[in-house]
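[1] model the following, please.
(one chain, ligands or ions: 2)
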Amino acid sequence: MNLHEYQGKSILKSFGVAIQEGVVVDKVEDAVAKAKELTASTGTEWYVVKAQIHAGGRGKGTVEETGSRGVVLAKGIDKVEETVKGILGGHLTTLQTNGVGKRVNKVLIAEDVYYPGESEPSEFYMSVLMDRDKGRNIIMYSTEGGMDIETVAEETPHLIFKEEVDPRVGLQGFQARKIAFNLGLSGKAFKEMTKFVAALYAAYEGCDASMFEINPVLKTSDDKIIAVDSKVTLDDNALFRHKDYAEMRDKTEEDPTEVEAGEAGLNFVKLDGNVGCMVNGAGLAMATMDIIKMSGGNPANFLDVGGTADAERVEKAFQIILKDENVKAILINIFGGIVRCDRVAQGVVDAYKNMGNIPVPIIVRLQGTNAVEAKKLIDDSGLNVHSAVQLQEAADLVKEILA
Ligand code: GDP
Ligand code: MN
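    Numbering: from 1, shown residues only. Ligands and ions are numbered 1, 2, ... in the order given. Next up, the predicted model:
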């Protein structure tokens with residue numbers, strides 16, 4: 001689950017990570033009062049207004065309706081309202097929004113932290129993520145903060161450092177010091193950075209994140225180290241331990257079909273192929289997607305209906321698959337272990353009749369308990385449903401239909 005910047009920052013703060021403070025606004029009318037509240041605790045009357053959408057590159061992005069950037073400095077309380085107006089409610093396009101502007105439902109009014117002082121502020125990059133090959137967490141960091149990290153990786157890969165953390169012993173003091181050293185820090189900033197890294201790593205573990213990306217981490221002109229941006233991805237499988245984080249889910253940021261499927265208890269991921277699949281079990285679903293590829297098609301989705309493939313669930317699954325106009329055929333591949341094949345077949349037939357007209361051919365492969373009875377049910381139904389027993393037969397049918 002992805003979080004908004006302001007939500008990620010609130011988690012970071014709760015673990016003692018220093019952040020750029022801010023207030024969240026969803027109505028222009030609230031902006032000035034909220035900004036004043038912020039000033040009461042920060043002391044500054046310079047603000048930065050930041051669109052809250054699930055995409056990066058906001059600073060260089062454009063709000064379609066107003067031409068405003070997605071991150072804008074407001075130098076004074078009298079500038080706040082018009083700045084917020086330029087962003088809130090508009091559609092923000094960035095390099096990461098795939099060409100479609102994302103509606104901005106909330107903005108963060110944050111304190112300006114790039115104030116002048118003894119030294120220049122400087123921006124670093126830092127992320128924490130899991131390296132699945134090594135079975136370890138990695139802290140990735142760079143002196144080249146505030147820029148697109150992919151570009152840094154391409155043009156100046158030697159400026160990206162990695163620190164591996166053994167989960168059995170956790171982050172060690174020397175590792176935090178090494179990071180601060182490699183970032184070229186000394187004195188107070190060095191010490192602040194070691195504290196920052198330790199708190200950040202504790203937050204990553206403590207909230208069961210699968211990814212943290214803080215870009216930029218800022219060294220202020222008075223040598224404080226703070227998180228200016230936050231991109232936090234939480235591990236869905238651990239959300240049951242964090243009810244308060246689970247409530248942070250913003251469904252308006254997610255694919256509506258995936259949200260609908262999730263609410264129906266179906267495990268669905270949309271893909272961009274032409275063959276819809278309905279399968280019970282994640283492993284079988286993966287194998288089915290391979291079969292579709294091998295027969296010249298491309299899976300339009302991953303869909304695991306789970307253990308109870310009854311008429312109601314099958315119908316819901318049909319509805320979800322058919323929302324995708326690219327779907328030219330649907331392959332149902334069910335292994336009847338606990339669920340009997342004839343029950344699933346009956347479910348398919350009932351769902352089909354209930355839905356009236358399904359505009360694409362359906363291939364059903366049922367294997368396991370009562371597979372023979374199931375095949376007979378499908379064959380006798382008189383519907384545009386083809387049955388198969390072997391997976392290869394099903395694959396051949398897909399090929400035939402797509403040809
Ligand atoms: P992103 O573009 O979506 O990654 O959004 P960020 O939160 O990283 O903000 C983009 C850029 O805005 C940062 O790299 C900074 O250069 C700038 N920025 C963020 N906060 C401030 C601030 O308080 N003052 C100033 N002057 N610039 C800021
Ligand atoms: Mn950023």
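
[2] which phi and psi values does the closest residue to ligand 1 within the stretch 251-400 of the chain adopt?
    Sorted by distance to ligand 1 under CB to the nearest ligand atom, the residues of the stretch 251-400 of the chain start with Glu253, at 14.3 Å. Using the backbone N, CA and C atoms, a C-beta is placed for each residue, glycine as well. Backbone geometry at Glu253, expressed as degrees, to the nearest 10, gives phi -90, psi -10.

[3] return the residues in contact with it.
    2, 53-54, 102 (CB atoms under 8 Å, 6 or more residues apart in numbering).

[4] look up how far Leu159 lies from it.
    Going from Glu253 to Leu159 by CB to CB, to the nearest Å gives 32 Å.

[5] same check on Ile19?
    To Leu159, Ile19 is 25 Å away according to CB to CB.

[6] likewise for Leu183?
    Leu183 is 11 Å from Leu159, where distance means CB to CB.

[7] pick out whichever of those two has more residues nearby.
    Between Leu183 and Leu159, counted using other CB atoms under 10 Å, the more crowded position is Leu183 (23 against 14).

[8] my guess is that one contacts Tyr141. True?
    Yes - counting by CB atoms under 8 Å, Leu183 does reach Tyr141; the two are 6.7 Å apart.

[9] overlap in contacts, the two.
    Phe124.

[10] so where does Leu12 fall, helix or strand?
    Using DSSP states H and E, Leu12 falls within helix 5-14.

[11] what mean pLDDT does whichever helix or strand comes after that helix get?
    Next along the chain after helix 5-14, taking DSSP H and E as the criterion, comes strand 22-25. For strand 22-25, mean pLDDT is 98.

[12] tell me if strand 22-25 is near ligand 1.
    No - using CB under 6 Å from any ligand atom, we find that strand 22-25 stays clear of ligand 1, coming within 9.3 Å at best.

[13] give the buried residues for that strand.
    Applying a neighbour-count criterion of 16 or more other CB atoms under 10 Å, one finds 22-25 buried in strand 22-25.

[14] now do the same contact list for the spatially closest residue to Glu21 that is not a sequence neighbour.
    In this structure, Glu21 finds its nearest non-sequential neighbour in Glu111, 5.2 Å apart by CB to CB, 6 or more residues apart in numbering. Listed by CB under 8 Å, 6+ apart, the contact set of Glu111 reads 20-22, 38, 42, 44, 46-48.

[15] about what we covered before: as a markdown table, the contacts of Glu253 with pLDDT, distance to ligand 1 and secondary structure would be great.
    Formatted as a markdown table, these follow (pLDDT from 0 to 100; distance: CB to the nearest ligand atom, whole Å; DSSP: H, G, I helix; E, B strand; the rest coil):
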| residue | pLDDT | distance to ligand 1 | secondary structure |
| --- | --- | --- | --- |
| Asn2 | 96 | 13 | strand |
| Ile53 | 97 | 9 | coil |
| His54 | 96 | 10 | coil |
| Lys102 | 95 | 12 | strand |
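
[16] who wins for neighbours among the residues you listed?
    Highest neighbour count within the contacts of Glu253: Ile53, with 26 neighbours (other CB under 10 Å).

[17] roughly how far apart are that residue and Gly89?
    For Ile53, the distance to Gly89 - CB to CB - is 12 Å.

[18] next one: Asp310
    On the measure of CB to CB, Asp310 and Gly89 end up 43 Å apart.

[19] my read is that Lys231 contacts Glu5, right?
    Yes - at 7.4 Å, Lys231 and Glu5 qualify as touching, with contact defined as CB under 8 Å.

[20] so for the two, which residue has more residues nearby?
    Remark: of Lys231 and Glu5, Glu5 carries more neighbours, 28 against 18, as counted by other CB under 10 Å.

[21] now for the closest residue to the more buried one other than its chain neighbours, how many residues are close by?
    Excluding its sequence neighbours, the residue lying closest to Glu5 (CB to CB, 6+ apart) is Ser230, at 5.3 Å. Neighbour count of Ser230, defined by other CB under 10 Å: 24.

[22] fine, thanks again, bye for now.
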